[in-house]
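Student: Only the shape, not the letters, is given here:
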């Protein structure tokens with residue numbers, strides 16, 4: 001069975017066009033971290049932290065953008081010519097993650113929480129900084145994008161030695 005994969009340059013052009021189209025249609029840059037904040041705000045509405053700002057507004061475009069990401073993946077999987085099934089196979093990460101499903105879930109949840117904290121601390125997620133901020137030539141976002149990629153390269157080298 002042969003898998004068809006988009007060329008990297010074609011995917012890059014598609015993402016770039018999406019970023020421009022999103023900004024042109026909505027008037028706001030694309031990004032996910034505010035949508036996650038809105039979900040947390042809704043779930044934790046009694047906490048003072050989430051009673052301020054746009055976290056109290058569940059009906060905003062970033063929340064719908066956030067919902068569209070897994071929905072788009074699901075539609076892609078269901079319409080694919082390849083057979084689709086739910087799997088907890090982590091590929092090359094199975095070498096470094098704990099083997100039990102519970103320990104793996106705890107480890108990945110903790111990692112996700114760290115990513116959320118980092119996005120909140122940096123003022124945007126990797127999408128917001130590297131794609132949108134980079135397209136707008138925003139100096140702090142360009143620096144953040146460089147830091148993200150360098151961190152990923154170093155981490156990959158430390159974990160896998162490649």
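Tutor: Perfect, thanks for sending it. Values in this document were obtained by computation on a predicted structure and should not be read as measured data.

Student: Distance from the host helix or strand of residue 74 to the middle of the chain?
Tutor: Using DSSP states H and E, the element containing residue 74 is helix 61-79. Centre-to-centre, helix 61-79 and its host chain are 12 Å apart (C-alpha atoms, centre = their mean, to the nearest Å).

Student: Flag every buried residue along that helix.
Tutor: Within helix 61-79, the residues that count as buried by 16 or more other C-beta atoms under 10 Å are 62-63, 65-66. All C-beta spots, glycine's among them, are computed from the backbone N, C-alpha and C.

Student: how about the strands in this structure?
Tutor: Under the criterion DSSP state E, the chain carries no strands.

Student: Poorly predicted segments of it, please.
Tutor: Residues of the chain meeting the criterion pLDDT under 70: 1-3, 34-35, 37-38, 41-42, 44-60, 162.

Student: ranges for the helices of it?
Tutor: Using DSSP state H, the helices of the chain run over residues 8-26, 33-43, 61-79, 101-122, 126, 134-135, 139-160.

Student: For those helices, give me TSV that also has distance to residue 86.
Tutor: Formatted as TSV, the helices of the chain follow (distance: least, C-beta to C-beta, whole Å):
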stretch	distance to residue 86
helix 8-26	25
helix 33-43	22
helix 61-79	9
helix 101-122	13
helix 126	26
helix 134-135	34
helix 139-160	26
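
Student: Near residue 20, how many other residues are there?
Tutor: 13 (other C-beta atoms under 10 Å).

Student: What's the separation between it and residue 132?
Tutor: Relative to residue 132, residue 20 is positioned 10 Å away (C-beta to C-beta, to the nearest Å).

Student: again with residue 147
Tutor: 16 Å.

Student: So the two - more neighbours on which side?
Tutor: Legend: neighbour count by other C-beta under 10 Å for residue 147 and residue 132, higher for residue 132 (21 against 13).

Student: That one touches residue 28, doesn't it?
Tutor: No: assessed by C-beta atoms under 8 Å, residue 132 is found out of contact with residue 28, at 9.5 Å.

Student: contacting residues around residue 127?
Tutor: Residue 127 sits next to 30-32 when contact means C-beta atoms under 8 Å, 6 or more residues apart in numbering.

Student: which of those lies closest to residue 143?
Tutor: residue 31 (17.0 Å; C-beta to C-beta).
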